[in-house]
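1. Show me the folded form of this:
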Amino acid sequence: MSGTTPDPAAGANPFGELAKFALGATERNMGLARSWSDALLTTLQEQSEDARATLTTLAAALEAMERALASQEETNRALQQSLEGYRQIVDRYATAQERTAGLVQSAVDDLKAAGEGQMEAARALLRPPTWATGAAATAPFTQMMQAWTDAFTRFSGGRTADPRSS
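-> Numbers count the residues shown, from 1 in each chain. This is a model prediction of the structure:
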């Protein structure tokens, strides 16, 4: 044969072999790149899902904290109102106590003045008049006082020691 046609038995085409190796390497590289990209995509999806779950949990925690804060604010307002109410009650009670103490003190002072007036009147009645001097001058006063004492004793249901009053 002529030298222009290659003999298939004489050996394979070196460029064909090289192309087969290159094609096989490219296929392996493509498979590796596909596996790597699939793994990367899976990892990113998992991270995205984890981030979404973390954000959902964080949002729920923030909502719970907002509700707790609102509840605490309501509790604080209620406590403030309660304390203000107690303060008003204490102030009113103290004012009422001061007013009562003033009224009691005024009544005691009035009773004391009345008692002192009555005592002074009783002393004045029991003292002989200043114009009278001696036993003869005080006899009419003594008789008048004895008559009053007897009348008081009769009206109160008691008995007198004076036989004239019987």
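2. Residue 98 versus residue 104, what's the distance?
-> Distance, residue 104 to residue 98, using CB to CB, to the nearest Å: 11 Å. The way it works is simple: take the backbone N, C-alpha and C, and place the C-beta from them, glycine included.
3. again, but for residue 123
-> For residue 123 relative to residue 98 (CB to CB), the value is 37 Å.
4. cool, residue 89 as well?
-> 15 Å.
5. Repeat that for residue 85.
-> Relative to residue 98, and taking CB to CB, residue 85 is found at 21 Å.
6. now do residue 157
-> Distance from residue 157 to residue 98, by CB to CB: 46 Å.
7. between those two, which one's more packed in?
-> residue 98 (10 against 6; other CB atoms under 10 Å).
8. What strand or helix carries that one?
-> Applying DSSP states H and E as the criterion places residue 98 in helix 14-126.
9. average pLDDT across that helix?
-> On average, the pLDDT along helix 14-126 is 93.
10. List the contacts of the spatially most central residue of the chain.
-> The residue lying closest to the centre of the chain (CA atoms, centre = their mean) is residue 79, at 2.9 Å. The contact partners of residue 79, by CB atoms under 8 Å, 6 or more residues apart in numbering, come to none.
11. Distance of it relative to residue 90?
-> 16 Å.
12. just residue 53 next, same as before
-> For residue 53, the distance to residue 90 - CB to CB - is 54 Å.
13. try residue 78
-> 19 Å.
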